[in-house]
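Q: would you be able to build a 3D model of this:
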Amino acid sequence: MMKKGKIFSLILAGLILICMTSTIYAELPTMKMTMPTPHQITTNDKVETPVGAFHFFDGVPTRETIETVYDYVDRARAVEVFINMIPAVSMFNLRKGQRDMGAMEYNQILIWEELMDSKSLVLTGNNTSLYTWGFLDLKKDGPTVIKLPPDVLGILDDMYFRYIADMGAAGPDKGKGGKYLVLPPGYTGDVPDGYYVVKSKTYGVWNMMRGYVRDSVKAAADNIKNNLKVYPLAKQDNPPKMVFINMTGRDEYNTVPPNDFSFYEDLNTLIQEEPLDFLDPETRGQIASIGIVKDKQFNPDPRMRRILTEAVAIGNAYARANTIVPRDPGHYYYPDTGSEWVMAFADNDTYFLKDGARRFDSRLWMHYNAIAVTPAMALTKPGAGSQYAIAGLDSRHETLDGAKTYKLHLPPNVPVKDNWSVIIYDTQTRCMLQTDQRYAGINSLGTELKKNDDSSFNIYFAPKAPEGQENNWIQTIPGKSWFIILRAYGPLEPWINRTWRPGEIELVE
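A: Now for the predicted structure:
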């Protein structure tokens, strides 16, 4: 026999269904063709939702409900545009920062001749590699040649920050140098022999290189300045002279994408500059739904401007939440251990794809916090490429406080072929923390680090150096938070298989 409790539940469910149906059909006459309508395909006259009550007459929304749901969907789409187009707007601002420095042409190259210091607002830049970069404009200049020097690591990324090709050590020239020919979208002309040929989906192309600091920083800079040539193929017989702009110490350089309404203005400018099909139809449609359409003016009315302003605030908050507690589990170096160490590319996936699906949160993490995309940044071959470990909370999972003292323990024999570094960053800008220290971090190359008796290292973070730890100290600022990146250049097997593991950031009581 059926239990009384179960019978009561069935009766109650039936009464609820009758009440729901009566809400819709209370006064409807029964007609000759009337049949029972499944309740799951009908809409009540009033529906409560997280964004308020929706009102209907026989399924037809009231004017107020129409306005409410349109506002909600427009806002939701705009949030998704922020999340999905962070890579493009980041690249746009990287180029905008270059143009602000007066570098408008292919042969004008920024170079940090004394390494990058904290005055440059560059997402998680570092002070170990010698950075140099410029931009190509394939729409204006056509096929463009990059004559690469030997002994550099180069990357080509498009204006959606998609990886195009490696050059130098990770490229087909194997670090010996060579000539690369970059072709514009849709190019159908002749392609001469003697080049490493690459094709771009966008007219703008970021031409980025790192010089290897082997003998000295100056030698690495001179190698690039004396040997790098960039010119349109059409000018190969008489290429213009290269112009190098030293960026070390320059305090007016900003490449960080905005997190206010101007984000959408930057996106619109980029959409107008690039070919229509550099994005897929779904992404273009999403962007068009908020008023950004190629060859049309972007001029949102007050309602839409309000919605976009709200959306970018939500999107920015989501990006910051996803940074501190990544939603893609592939980011965690030591999952299920409570460790705060995460990697920039979830599962070392530089294409942001898993089982054929786009990893939106992983892509957002990377492009909200960093620049440059190449498989060489996530190689798992011992002694090759680089690996990055990021920590933004302490061992208790608490926010790092610039007024307090913390310690990071690096066990003996840090497993790198080349070198390692620890650099501190500002949580607001995601750029190097600007303190009294010119270089916001330490590295194993040029710093006289203090070793423990077992050859391990303790690194300290505090407003003032703990006594006797001046060389192992990175300065913090009271009232500000921070995070760090532990970089491994040429990571060895113990790093890759995670048998060597850095300590957590510990609060020093």
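Q: residues near the residue lying closest to Thr435 once chain neighbours are set aside, how many?
A: Spatial nearest neighbour of Thr435, excluding adjacent residues (C-beta to C-beta, 6 or more residues apart in numbering): Gln475 at 4.1 Å. For every residue, glycine as well, the C-beta is placed using N, CA and C. Neighbour count for Gln475, taken as other C-beta atoms under 10 Å: 20.
Q: mind checking how far Gln475 is from Tyr439?
A: 11 Å (C-beta to C-beta, to the nearest Å).
Q: and for Ser262?
A: 31 Å.
Q: more neighbours: these two, which one.
A: Tyr439 (20 against 13).
Q: what strand or helix carries that one?
A: Assigned by DSSP states H and E, Tyr439 falls within no helix or strand.
Q: strands of the stretch 301-450 of the chain, start to end?
A: Along the stretch 301-450 of the chain, counting by DSSP state E, counting those that start in this stretch, strands occupy 353-354, 357-358, 386-391, 406-410, 416-426, 441-443.
Q: among those, which is nearest Tyr180?
A: With C-beta to C-beta as the criterion, Tyr180 lies closest to strand 386-391 of those, at 21.6 Å.
Q: could I get the closest one in PDB with only the CA atoms?
A: C-alpha atoms of strand 386-391 as PDB (Å, rounded to 0.1, in the frame of the first residue of the first chain):
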ATOM      1  CA  SER A 386      59.200  28.800 -19.700                       C
ATOM      2  CA  GLN A 387      56.700  28.200 -17.000                       C
ATOM      3  CA  TYR A 388      54.900  30.600 -14.700                       C
ATOM      4  CA  ALA A 389      53.500  30.100 -11.200                       C
ATOM      5  CA  ILE A 390      51.300  32.800  -9.800                       C
ATOM      6  CA  ALA A 391      50.100  33.300  -6.200                       C
END
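Q: just want the angle from it to strand 406-410.
A: Per axes from the mean of the first three to the mean of the last three C-alpha atoms, to 10 degrees, the angle that strand 386-391 makes with strand 406-410 is 150 degrees.
Q: contacting residues for the spatially most central residue of the chain?
A: Centroid-nearest residue in the chain: His367, 0.8 Å away (criterion: C-alpha atoms, centre = their mean). Residues in contact with His367 (C-beta atoms under 8 Å, 6 or more residues apart in numbering) are 86-87, 90, 161.
Q: now render the residues you listed as a markdown table, adding secondary structure, distance to Asn207 and neighbour count.
A: Output for the contacts of His367, formatted as a markdown table (DSSP: H, G, I helix; E, B strand; the rest coil; distance: C-beta to C-beta, whole Å; neighbours: other C-beta atoms under 10 Å):
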| residue | secondary structure | distance to Asn207 | neighbour count |
| --- | --- | --- | --- |
| Ile86 | helix | 21 | 25 |
| Pro87 | helix | 17 | 23 |
| Ser90 | helix | 16 | 22 |
| Phe161 | coil | 14 | 22 |
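Q: just the strands in the stretch 101-250 of the chain please.
A: Ranges of strands in the stretch 101-250 of the chain, per DSSP E, counting those that start in this stretch, are 108-111, 130-137, 144-148, 152-158, 163-168, 178-183, 196-199, 204-211, 229-232, 243-246.
Q: so how far is the third one from its chain's centroid?
A: Think strand 144-148. Distance of strand 144-148 from the chain centroid (C-alpha atoms, centre = their mean, to the nearest Å) equals 27 Å.
Q: same thing with the fifth one?
A: A distance of 18 Å separates the centroid of the chain from that of strand 163-168, by C-alpha atoms, centre = their mean.
Q: neighbouring strands of it in the sheet, and parallel or not?
A: Strand 163-168 pairs in its sheet with strand 152-158 (antiparallel), by DSSP bridges.
Q: and for the strand it pairs with, what's in contact with it?
A: Under C-beta under 8 Å, 6+ apart, the answer for strand 152-158 is 91, 146, 148, 163-171, 175, 177, 180, 182, 198, 200-202, 204-212, 223-224, 278, 372-374, 376.
Q: may I see the buried residues of it?
A: 152-158 (16 or more other C-beta atoms under 10 Å).
Q: from those, which is closest to Pro329?
A: Among these, and counting by C-beta to C-beta, the member closest to Pro329 is Asp157, at 26.3 Å.
Q: could you check the pLDDT of that closest one?
A: For Asp157, the model assigns a pLDDT of 98.
Q: distance of it relative to Thr476?
A: Counting by C-beta to C-beta - Asp157 and Thr476 are separated by 32 Å.
Q: picking that back up, state the distance from the residue nearest to the centre of the chain to Thr49.
A: 32 Å.
Q: where do the helices of the stretch 201-350 of the chain begin and end?
A: 217-227, 262-273, 281-288, 302-324 (DSSP state H, counting those that start in this stretch).
Q: for the second one, which helices and strands make contact with it?
A: If contacts are counted by 3 or more C-beta pairs under 8 Å, 6 or more residues apart in numbering; DSSP states H and E, helix 262-273 sits against helix 63-100, helix 302-324.
Q: quick one: the first one to helix 302-324, angle?
A: Taking the same axes, to 10 degrees, helix 63-100 and helix 302-324 form an angle of 70 degrees between their directions.
Q: tell me the buried residues in helix 63-100?
A: 65, 68, 71, 74-75, 77-98.
Q: centre of the chain to it, how far?
A: 15 Å.
Q: only C-alpha atoms, please: export stretch 95-110 in CSV.
A: The C-alpha coordinates for stretch 95-110 follow below in CSV (Å, rounded to 0.1, in the frame of the first residue of the first chain):
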residue,chain,number,x,y,z
ARG,A,95,49.2,49.3,-29.8
LYS,A,96,47.6,52.5,-28.5
GLY,A,97,50.3,52.8,-25.9
GLN,A,98,52.9,52.4,-28.6
ARG,A,99,51.3,55.1,-30.7
ASP,A,100,51.2,57.4,-27.7
MET,A,101,55.0,57.1,-27.6
GLY,A,102,55.1,58.4,-31.2
ALA,A,103,55.8,55.0,-32.7
MET,A,104,53.3,54.8,-35.6
GLU,A,105,55.3,52.9,-38.2
TYR,A,106,56.6,49.3,-38.8
ASN,A,107,60.2,50.4,-38.4
GLN,A,108,59.7,52.2,-35.0
ILE,A,109,60.5,49.7,-32.3
LEU,A,110,60.2,50.0,-28.5
